[in-house]
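A.B. asks: Pasting a predicted model and its sequence here:
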Amino acid sequence: KDGSDGPQMPLDDAGVYAIGRSDECDVRVNREGVEDVHVELIVEEYARGAMLCAMASANPARLNDAPMEGEQKVRLRNGDTFEVGGRLFRYETDDTEERIAEEVLVASAKKSAKKAKRVSFTSPMSRSPLGAHNANLAGRQPTPFRSSSAKSPLNVRSPMTPKDSNTPKAKSSTPKAATPKAATP
């Protein structure tokens, strides 16, 4: 009610997370007008991103204050908000990218890298508790959602590898500027 952020909930695995009224949903929003599966949150491997897929035909979810049409699927960007039955969620990514894999291609002297981003979802405010939802989540294993309050943000953490001092560094493909030499008489 005060507009402050709620706690974050980890989404440790890539996959599809259902948000809606059904007991089978990963995040349950037990409010009038919320369908059994209102939206699906699709989290990609290595936290490369997430997509929001509208599933509700009546009372559509809202993305950045605009209603989502039909089974619309939208890639989420940092700061996007979506609303399901009055519950507001915010998508957040950490701008600091960590290198989780690096490979130097000898033949072409090019490097390729896979990067992971920290991704989270925050529920800035909730107007009413979810009731029995919390008890349902506590008994399910494995589940990426754990909460004891109605304020239920989501959080994605990607696997990170420690920096290894023995990892070879790719050489720059840009040549160094030549130093002019004085002419000899």
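C.D. replies: Arrived safely.

A.B. asks: so who does Arg21 touch?
C.D. replies: By C-beta atoms under 8 Å, 6 or more residues apart in numbering, Arg21 lies in contact with 28-31, 34-36, 38, 85. C-beta coordinates here come from the backbone N, C-alpha and C atoms, glycine included.

A.B. asks: for Ala56, same thing?
C.D. replies: Here Ala56 is in contact with 20, 34-35, 38-39 (C-beta under 8 Å, 6+ apart).

A.B. asks: and with 10 Å instead?
C.D. replies: Counting by C-beta atoms under 10 Å, 6 or more residues apart in numbering, Ala56 touches 20, 33-39, 67-68, 70-71, 84-85.

A.B. asks: which of the residues you listed tops the neighbour count?
C.D. replies: When neighbours are taken as other C-beta atoms under 10 Å, the top entry among these is Val39 (28 neighbours).

A.B. asks: Contact partners for that residue?
C.D. replies: Here Val39 is in contact with 17-20, 25, 27, 29, 52-56, 60-61, 63, 68, 72, 82-84, 89 (criterion: C-beta under 10 Å, 6+ apart).

A.B. asks: Show only the entries of those residues found in helices.
C.D. replies: When these are checked against helices (DSSP state H), there are no matches.

A.B. asks: so where's this protein shaky on pLDDT?
C.D. replies: Along the chain, the model assigns pLDDT under 70 to residues 1-3, 7, 9-12, 46-47, 93-185.

A.B. asks: rewinding a little: with distance to Gln8 added, can I get the contacts of Arg21 in a markdown table?
C.D. replies: Putting the contacts of Arg21 into a markdown table (distance: C-beta to C-beta, whole Å) gives the following:
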| residue | distance to Gln8 |
| --- | --- |
| Arg28 | 18 |
| Val29 | 17 |
| Asn30 | 21 |
| Arg31 | 22 |
| Val34 | 22 |
| Glu35 | 25 |
| Asp36 | 25 |
| His38 | 21 |
| Gly85 | 20 |
